[in-house]
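Engineer: have a look at this prediction, sequence included:
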Amino acid sequence: MKAISYSAYGGPEVLETVDVPVPEPSGNQVRIAIRAAGVNPFDWKVRSGSMAEVMKVKFPKIPGSEVAGVVDAAGSGVSGVTVGDEMFGWSDTGGYAEYALATVVVPKPRQLSWTDAVTIPVAGEAADRALRLLGVEAGETVLVNGASGAVGTMAAQLARERGATVIGTASVRHHDALRELGVTPTTYGEGMADRVRALAPNGIDAVLDAGRGGLEAAMDLRGGVERIVTLSDAAAFRLGITFSSGTADDRNTETLRRLGDLAAAGELSLPPVRTFSLTDAAQAQRAGEEGGGRGKIVLR
């Protein structure tokens, strides 16, 4: 099969198209013929070597943790899944490939396209996890910093599902999209705390930082570090703020199934998608690192 792999840390140029054996499932694994694979910041952070001190990589490495596709083989411990089933979830062996093994997968709702479904696992799990850590409840006001990204888009809607009022930061060009989700938008950067106070004179109960910096402003708004969670800003360790990166134990079929059902019912708007071919994975990662776009990058 064709896969995207790298054998040393570096820029996007270290990614290369290779031919490797098709993996064989065992135990509770299924093999997925991949129709779409998500591209996430975690992928290029690992590839760059910036996480080498906390995460060891066995080279050669096939990146990618989320996939959507068709089951074409199953391990001996699998029940309730048959060849031909359309599934989405987490890859065990790397999603930048024509085939991958997977353990945590659920049926893809027929209302969702492949590219829709693959936007859910990473962003949905991160958003759900952060809101649980924050303990968001009905009647509270939540600030989602970076609300136009894939995680922020999910988090803002899931916070509203819990009955919270949501203020979201984003570039001005994304404000109309946030309003359509029921989010009150403002911009990030200098003066953010003052702008948020003007929108929420009774205060902010919790802050979810999804990647736009501004933890000092969050502390200003909260009067300390309580009920602030960041998913990406390493400044949290210096400031004493909760940093949540998630683990394999956080991946579960219950959350995947619930978010998929919400999206299929039109109750969860999924982030817009930019697609690249599998062999253009380096270009896809480069586009993600450069930023500026809203939503999710997906390999077809």
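Structural biologist: Yep, that arrived.
Engineer: state the number of residues packed around residue 21.
Structural biologist: Here the neighbour count serves as a burial measure; for residue 21 (other C-beta atoms under 10 Å) it reads 8. Just so you know, the C-beta spots here come from the backbone N, C-alpha and C atoms, and that holds for glycine as well.
Engineer: ok, it to residue 150 distance?
Structural biologist: Taking C-beta to C-beta, to the nearest Å as the measure, residue 21 and residue 150 are separated by 32 Å.
Engineer: tell me where the model's unsure across this protein.
Structural biologist: Applying pLDDT under 70 to the chain flags the ranges 212, 292.
Engineer: now do the helices in it.
Structural biologist: Read by DSSP state H, the chain holds these helices, from start to end of the chain: 41-48, 114-117, 121-134, 150-161, 175-180, 192-199, 215-222, 235-239, 253-264, 281-290.
Engineer: can you list the neighbours in contact with the second one?
Structural biologist: Same thing as helix 114-117. Residues from elsewhere that reach helix 114-117 (C-beta atoms under 8 Å, 6 or more residues apart in numbering): 35-36, 68-69, 88, 108-109, 260, 263, 270, 273, 275, 298, 300.
Engineer: in CSV: those, plus neighbour count and distance to residue 125.
Structural biologist: Conversion of the contacts of helix 114-117 to CSV gives the following (neighbours: other C-beta atoms under 10 Å; distance: C-beta to C-beta, whole Å):
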residue, neighbour count, distance to residue 125
35, 19, 20
36, 23, 17
68, 28, 15
69, 29, 19
88, 28, 12
108, 24, 16
109, 17, 17
260, 24, 12
263, 22, 14
270, 24, 14
273, 18, 18
275, 15, 22
298, 22, 17
300, 15, 22
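Engineer: show me those that map onto strands.
Structural biologist: Using DSSP state E, the members of the contacts of helix 114-117 that fall within strands are 35, 36, 68, 69, 88, 273, 275, 298.
Engineer: of those residues, closest to residue 52?
Structural biologist: Lowest distance from residue 52 to the ones in strands among the contacts of helix 114-117 (C-beta to C-beta) belongs to residue 298, with 26.6 Å.
Engineer: got a list of what the closest one touches?
Structural biologist: Residues near residue 298 by C-beta under 8 Å, 6+ apart: 36, 37, 38, 39, 115, 118, 119, 273, 274, 275, 276.
Engineer: check residue 271 too.
Structural biologist: With contacts defined as C-beta under 8 Å, 6+ apart, residue 271 is in contact with 119, 123, 149, 150, 153, 154, 294, 295, 296.
Engineer: now render the residues you listed as TSV, adding neighbour count and distance to residue 208.
Structural biologist: Putting the contacts of residue 271 into TSV (neighbours: other C-beta under 10 Å; distance: C-beta to C-beta, whole Å) gives the following:
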residue	neighbour count	distance to residue 208
119	29	18
123	26	12
149	25	12
150	28	14
153	32	12
154	31	10
294	18	17
295	18	18
296	27	18
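Engineer: for residue 155, which non-adjacent residue is closest in space?
Structural biologist: Nearest-residue entry for residue 155: residue 127, 3.8 Å, with adjacent residues in sequence omitted and distances by C-beta to C-beta, 6 or more residues apart in numbering.
Engineer: give me every residue that touches that neighbour.
Structural biologist: Counting by C-beta under 8 Å, 6+ apart, the residues that residue 127 touches are 151, 152, 154, 155, 158, 208, 210.
Engineer: quick one: it and residue 47, what's the gap?
Structural biologist: Noted for residue 127: a distance of 24 Å to residue 47, by C-beta to C-beta.
Engineer: ok, the spatially most central residue of the chain to residue 153 distance?
Structural biologist: With distances taken as C-alpha atoms, centre = their mean, the chain has residue 123 as the residue nearest its mean C-alpha position (2.4 Å). In this structure, residue 123 lies at 7 Å from residue 153, with C-beta to C-beta as the measure.
Engineer: kindly report the same for residue 60.
Structural biologist: Taking C-beta to C-beta as the measure, residue 60 falls 33 Å from residue 153.
Engineer: check residue 246 too.
Structural biologist: Relative to residue 153, and taking C-beta to C-beta, residue 246 is found at 18 Å.
Engineer: ok, now residue 266?
Structural biologist: Residue 266 sits 15 Å away from residue 153 when distances are taken as C-beta to C-beta.
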